[in-house]
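A.B. asks: Kindly generate the corresponding structure for this input.
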Amino acid sequence: MPPDNEVRQLLFDYELGGIALNDASQGLEYQTWTISYNDPDVIATPNNGSGIVLFSLAGITEVSLAFDQNMAPFVAYVVNSEAWYWWWDPTVPGQIHTQMASGVITPRCSLDDKRPSQTAVSDIILAYIRSGSLYYRQQRDRYTIEYLLGTGALAALNRIGMADNLRFHFEYLDDSNAPPISVSPGEIIFPYWDNLVGNGWIDLSKTTKTTFEATFGVPVEGADFQSVKSIGGSSTPIASLVNTVNGGNKIQIKDSSDAANAIIMIVSMSGIILSSAIYSSGSDSSFLEIPTGSDYYIVTASDTGNALINKADTSAIDLTGSVPFLSVFGVELATPGVTTYQKILIIPAKGISIAFTIPIRSDVGGMVFLSIEIATITSSRTATVNQTVGDFDNGARWNWGLGGFIKGAINNPGTADIDLIPGETYILNIRNDTPAVSNWMSIEINYG
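C.D. replies: All right, here's what the predicted structure looks like:
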């Protein structure tokens, strides 16, 4: 039953819930929530709102989300190969972290029945694998009693939740058919898949380890490039270590005659596959964004041992007709000590396109774009933030007249109107919808 039938990932999950945290006034089936992890923040995001940091803890490798009958969050998570859960303890009262027994893996959680008629008898179910068997604990016992559900060679618990038949289901993998679950790459015919183990991990001991620069010829912060690289064969891939304190770039496999099939993956230091792109002859692979703020491996392999690797060429954005950020505001974006950039100026009747580049950074940040009405400026103004000069239709868009703004997120994907990638160039297109002879415009940008 949606959203429990959605494909979950180790660091991304779905749960049905209410209108807001700690607010069950509209019931527990009001909207879908997601949980995600942007090291070190565990973030809950409602379908109709912005992300909320539940707590911060470095090194988390799995998350799962539930809500109790009062919309208090419950998070099952794994850190340093140990299972924990974060929950509302009414005896405190408050949210607390509780460690589970040694050997517990793949903890998953969900409120078993979210229908209003079942509130009085519903429970959060905390299920997991231990020593190859499936167990669960429940809310009414304060999670202190362990119940055995099934025994056998169970490798992982993928997801739990209510099905269409109003029965609570547990989806698990056993050792006989334990391919990597939802975070794993799509199908590609390689002996290399023997290196994949269980729950979306890769055995890094079976790779040839090197550095990003040794593999790709430049550091991750270096110039754009496109060249044939030796990236490892089907049974011995290359794991290239990259420190992304100043990351924020994107990388892909280009279509060429150097390989018919290839793969590129972002892998954590513990071997968890975070994202991947498959290449098959005939078209480029999708881009992978290199995470910021830590050490990762970029694992690559192909059927020939070579591939044409390409880093995103930000210079490919056509800036013809744009005005540099410096020319408008008199200083560069992210000038030390400056967080607000304001300007009132006369612009062309067709509008103005301001080009700006997001500084290389690893922390979470954002930008807000707005225009404040004054006497000499018309009440109707339109703006977009995208990567095309003069495009007032696509990307993040706003029309002023009753206030409001465009919000961009940096290193915090999916939490704003547009994701702004460090190192990439964007365009703020802004215009008066009814230009005057003296076509004044007020522009304010907040950066932090």
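
A.B. asks: What is the end-to-end distance of stretch 393-412?
C.D. replies: Terminal residues of stretch 393-412 are spaced 24 Å apart (Cα to Cα, to the nearest Å).

A.B. asks: What mean pLDDT does that stretch get?
C.D. replies: When pLDDT is averaged over stretch 393-412, the result is 83.

A.B. asks: for stretch 147-156, same thing?
C.D. replies: 78.

A.B. asks: can you give me the offset of it from its chain's centre?
C.D. replies: 31 Å (Cα atoms, centre = their mean, to the nearest Å).

A.B. asks: Pull up the distance across it, start to finish.
C.D. replies: 17 Å.

A.B. asks: Now it: buried residues?
C.D. replies: Leu154, Ala155, Ala156 (16 or more other Cβ atoms under 10 Å). Glycine gets a C-beta too; all of them are placed from N, C-alpha and C.

A.B. asks: can I see the domain layout of this structure?
C.D. replies: What automatic domain parsing lists as the domains of the chain is 12-177, 191-312, 316-447.

A.B. asks: okay, these in CSV with distance to Pro3 next?
C.D. replies: What follows is the domains of the chain, written out as CSV (distance: least, Cβ to Cβ, whole Å):
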stretch, distance to Pro3
domain 12-177, 4
domain 191-312, 20
domain 316-447, 15
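
A.B. asks: Ranked by average pLDDT, which of those domains falls at the bottom?
C.D. replies: Among the domains of the chain, domain 191-312 scores lowest, with a mean of 78.

A.B. asks: and that domain, how far from the chain's centre?
C.D. replies: The answer for domain 191-312 is 19 Å, by Cα atoms, centre = their mean.

A.B. asks: quick one: buried residues of stretch 16-30?
C.D. replies: In stretch 16-30, counting by 16+ other Cβ under 10 Å, buried: Leu16, Gly17, Gly18, Ile19, Ala20, Leu21, Ala24, Leu28, Tyr30.

A.B. asks: Going by distance to Asp284, which of these wins?
C.D. replies: Checking the buried residues of stretch 16-30 against Asp284 by Cβ to Cβ gives Leu16 as the nearest, at 37.1 Å.

A.B. asks: what helix or strand is that closest one on?
C.D. replies: strand 12-17 (DSSP states H and E).

A.B. asks: After that strand, which helix or strand is next?
C.D. replies: Next element after strand 12-17 (DSSP H and E): strand 31-38.

A.B. asks: Which elements pack onto that following strand?
C.D. replies: Helices and strands touching strand 31-38, by 3 or more Cβ pairs under 8 Å, 6 or more residues apart in numbering; DSSP states H and E, are strand 12-17, strand 41-46, strand 60-67.

A.B. asks: ok, it: who's next to it in the sheet?
C.D. replies: Taking DSSP bridges as the criterion, strand 31-38 forms sheet pairs with strand 12-17 (antiparallel), strand 41-46 (antiparallel).

A.B. asks: So what touches that strand?
C.D. replies: Here strand 31-38 makes contact (Cβ atoms under 8 Å, 6 or more residues apart in numbering) with 2-3, 11-19, 42-48, 51, 54, 60, 63-65, 67, 75, 364, 411-414.

A.B. asks: Can you say which of the residues you listed are buried?
C.D. replies: For the contacts of strand 31-38, buried by 16+ other Cβ under 10 Å: 3, 11-19, 42-46, 51, 54, 60, 63-65, 67, 75, 364, 411-412.

A.B. asks: What segments of the stretch 251-400 of the chain are strands?
C.D. replies: Using DSSP state E, counting those that start in this stretch, the strands found in the stretch 251-400 of the chain span residues 261-267, 273-280, 288-289, 295-302, 306-311, 323-324, 340-346, 352-357, 365-370, 381-386, 396-400.

A.B. asks: Make a markdown table from those and add distance to Ser117 and mean neighbour count to it.
C.D. replies: What follows is these, written out as a markdown table (distance: least, Cβ to Cβ, whole Å; neighbours: other Cβ atoms under 10 Å):
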| stretch | distance to Ser117 | mean neighbour count |
| --- | --- | --- |
| strand 261-267 | 45 | 24 |
| strand 273-280 | 40 | 19 |
| strand 288-289 | 44 | 20 |
| strand 295-302 | 47 | 24 |
| strand 306-311 | 55 | 22 |
| strand 323-324 | 60 | 16 |
| strand 340-346 | 51 | 13 |
| strand 352-357 | 53 | 22 |
| strand 365-370 | 42 | 19 |
| strand 381-386 | 46 | 22 |
| strand 396-400 | 41 | 18 |
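
A.B. asks: right, and the strands paired with strand 31-38 - which one's nearest Gly233?
C.D. replies: Closest among these, using Cβ to Cβ: strand 12-17, at 31.3 Å.

A.B. asks: Run the angle between the closest one and strand 60-67 for me.
C.D. replies: 10 degrees (axes from the mean of the first three to the mean of the last three Cα atoms, to 10 degrees).

A.B. asks: So what touches strand 12-17?
C.D. replies: 2-4, 6, 8, 28-37, 46, 63-67, 71, 110-111, 114, 159.

A.B. asks: contacting residues for Leu148?
C.D. replies: Ser133, Leu134, Tyr135.

A.B. asks: Can you give me the first-to-last residue distance of stretch 329-338?
C.D. replies: 11 Å.

A.B. asks: same check, this time on stretch 73-86
C.D. replies: Using Cα to Cα, the two ends of stretch 73-86 sit 8 Å apart.

A.B. asks: List the buried residues in that stretch.
C.D. replies: Pro73, Phe74, Val75, Ala76, Tyr77, Val78, Val79, Ala83, Trp84, Tyr85, Trp86.

A.B. asks: is it possible to export these to CSV including distance to Leu308?
C.D. replies: Formatted as CSV, the buried residues of stretch 73-86 follow (distance: Cβ to Cβ, whole Å):
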residue, distance to Leu308
Pro73, 45
Phe74, 46
Val75, 42
Ala76, 42
Tyr77, 39
Val78, 37
Val79, 38
Ala83, 42
Trp84, 43
Tyr85, 45
Trp86, 45
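
A.B. asks: As JSON lines, the residues you listed with distance to Lys343 and secondary structure would be great.
C.D. replies: Below are those laid out as JSON lines (distance: Cβ to Cβ, whole Å; DSSP: H, G, I helix; E, B strand; the rest coil):
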{"residue": "Pro73", "distance to Lys343": "42", "secondary structure": "strand"}
{"residue": "Phe74", "distance to Lys343": "47", "secondary structure": "strand"}
{"residue": "Val75", "distance to Lys343": "44", "secondary structure": "strand"}
{"residue": "Ala76", "distance to Lys343": "49", "secondary structure": "strand"}
{"residue": "Tyr77", "distance to Lys343": "45", "secondary structure": "strand"}
{"residue": "Val78", "distance to Lys343": "48", "secondary structure": "strand"}
{"residue": "Val79", "distance to Lys343": "46", "secondary structure": "strand"}
{"residue": "Ala83", "distance to Lys343": "53", "secondary structure": "strand"}
{"residue": "Trp84", "distance to Lys343": "49", "secondary structure": "strand"}
{"residue": "Tyr85", "distance to Lys343": "50", "secondary structure": "strand"}
{"residue": "Trp86", "distance to Lys343": "45", "secondary structure": "strand"}
